[in-house]
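Student: Sharing a sequence plus its predicted fold:
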Amino acid sequence: MYGKTIMNITGKLVSSSVRHYLSTAKLYYESYDEPRFQPGTKLFNEVLEIVSFTYQNPYETILHTVRGSNTLYVLRNEAQSGPIACCSFIQYGQELTLNDNDRTIPVVYHNLAISNEKVKNTGLIKKLFEYFYCELQKRKQRQPQLPILLYYVTPTPSIVYLADQIILNTVPSLNDYNGAMFTDQEWQIANELRKLRNWPIAVKSSNENPFVLKGIMRSRYTANERLRIEKTVKKTNFKVFEDLSIDESNGDRLLRFVFI
């Protein structure tokens, strides 16, 4: 585990209690390897507490996430002991082979990002994404001739919007997510990623969208979290999930990938 002071936060136009928190907080960036966040550890219980505001079955949600991750990135306001502001679960170490030239490339799965209820909609999680992206760049420098394939799944517009602010050229693009327009390589990558996680393979001849994953997740959002997301969708007029018939309450997700 390592930690680093990364910023002092100034106040924003949010509630007075959150504004006070942001104006006085000194945040620390930390990274933990797999043994540190297993069930029964202090870190697991810390994450469980903040997830309970977002998911109906928080323990099962985090247990499933932990089993599919080997690194945890955290932002907190005191090194190792302050409350977690936000965190991201990552899985490094997988590979896949592309048919175009039979090259094997490293694959990184951004499994789950979650914010403390007190600091949602403040932009803090973007800082964590930025540091995660820096970690990816460091890994790429070890083998600069090989791209890194990063992927994630989500049922919410905020993660899509946030990721696109930091990383360009993610597939599918928000301007072109019609299944009929995908290339053969995009189809192949989508199905290879499905195989990595034991999700059903998409059949091209069926007019199926390879990036729409139906019923793959058992976790469900709380009523309050769904209401918060609905407000965001209305405010931003974000229609991608509606257009693709992705329903979080049924366990649906949008799959996206990008080469780093």
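Tutor: Thanks, I have the structure now.
Student: Could you use CA atoms for every contact and neighbour count after this?
Tutor: Noted.
Student: low pLDDT regions in this protein?
Tutor: 1-25, 79-80, 100-101, 179-180 (pLDDT under 70).
Student: For stretch 70-88, list every residue counted as buried.
Tutor: By neighbour count on 16 or more other C-alpha atoms under 10 Å, the buried set for stretch 70-88 is 70-80, 84-88.
Student: do the same with stretch 197-214
Tutor: Neighbour counts using 16+ other C-alpha under 10 Å place 202, 209, 210, 211, 212, 213, 214 of stretch 197-214 among the buried residues.
Student: Over to stretch 136-151?
Tutor: When neighbours are counted by 16+ other C-alpha under 10 Å, the buried residues of stretch 136-151 are found to be 136, 140, 148, 149, 150, 151.
Student: Kindly report the same for stretch 103-114.
Tutor: Along stretch 103-114, the positions that meet the burial threshold by neighbour count (16+ other C-alpha under 10 Å) are 106, 107, 108, 109, 110, 111, 112, 113, 114.
Student: end to end, how far does stretch 231-244 reach?
Tutor: Chord length of stretch 231-244, first to last residue, is 19 Å (C-alpha to C-alpha, to the nearest Å).
Student: Which stretches in the stretch 1-150 of the chain count as helices?
Tutor: For the stretch 1-150 of the chain, the helices defined by DSSP state H, counting those that start in this stretch cover 16-24, 42-51, 58-67, 124-142.
Student: Tell me which stretches of the stretch 151-260 of the chain form helices.
Tutor: So, for the stretch 151-260 of the chain - with DSSP H, counting those that start in this stretch - the helices run 157-166, 184-196, 223-236, 240-243.
Student: Including distance to residue 123 and mean neighbour count, could those go into CSV?
Tutor: Written out in CSV, the entries for the helices of the stretch 151-260 of the chain read as follows (distance: least, C-alpha to C-alpha, whole Å; neighbours: other C-alpha atoms under 10 Å):
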stretch, distance to residue 123, mean neighbour count
helix 157-166, 9, 15
helix 184-196, 29, 17
helix 223-236, 14, 14
helix 240-243, 22, 14
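Student: Tell me which of the ones you listed approaches residue 253 most closely.
Tutor: helix 240-243 (8.7 Å; C-alpha to C-alpha).
Student: Just the CA atoms of that closest one, as CSV, please.
Tutor: Output in CSV follows, covering the C-alpha atoms of helix 240-243 (Å, rounded to 0.1, in the frame of the first residue of the first chain):
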residue,chain,number,x,y,z
VAL,A,240,-28.0,6.1,-24.6
PHE,A,241,-29.3,3.6,-22.0
GLU,A,242,-32.9,4.3,-23.0
ASP,A,243,-32.1,3.9,-26.7
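Student: circling back to that earlier point, which of the buried residues of stretch 197-214 fall within strands?
Tutor: Members of the buried residues of stretch 197-214 lying in strands (criterion: DSSP state E): 212, 213.
Student: Same list (the buried residues of stretch 197-214) but as a markdown table, adding distance to residue 181.
Tutor: Converted to a markdown table, the buried residues of stretch 197-214 look like this (distance: C-alpha to C-alpha, whole Å):
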| residue | distance to residue 181 |
| --- | --- |
| 202 | 15 |
| 209 | 10 |
| 210 | 11 |
| 211 | 12 |
| 212 | 14 |
| 213 | 17 |
| 214 | 20 |
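Student: closest to residue 238 among the buried residues of stretch 197-214?
Tutor: Distance ranking of the buried residues of stretch 197-214 against residue 238, using C-alpha to C-alpha, places residue 212 first at 16.4 Å.
Student: didn't the closest one look like it was pressed against residue 255?
Tutor: Yes. Counting by C-alpha atoms under 8 Å, residue 212 does reach residue 255; the two are 6.3 Å apart.
Student: count of residues packed around residue 54?
Tutor: When neighbours are defined as other C-alpha atoms under 10 Å, residue 54 has 20 of them.
Student: so who does it touch?
Tutor: Residues in contact with residue 54 (C-alpha atoms under 8 Å, 6 or more residues apart in numbering) are 221, 222, 224, 225.
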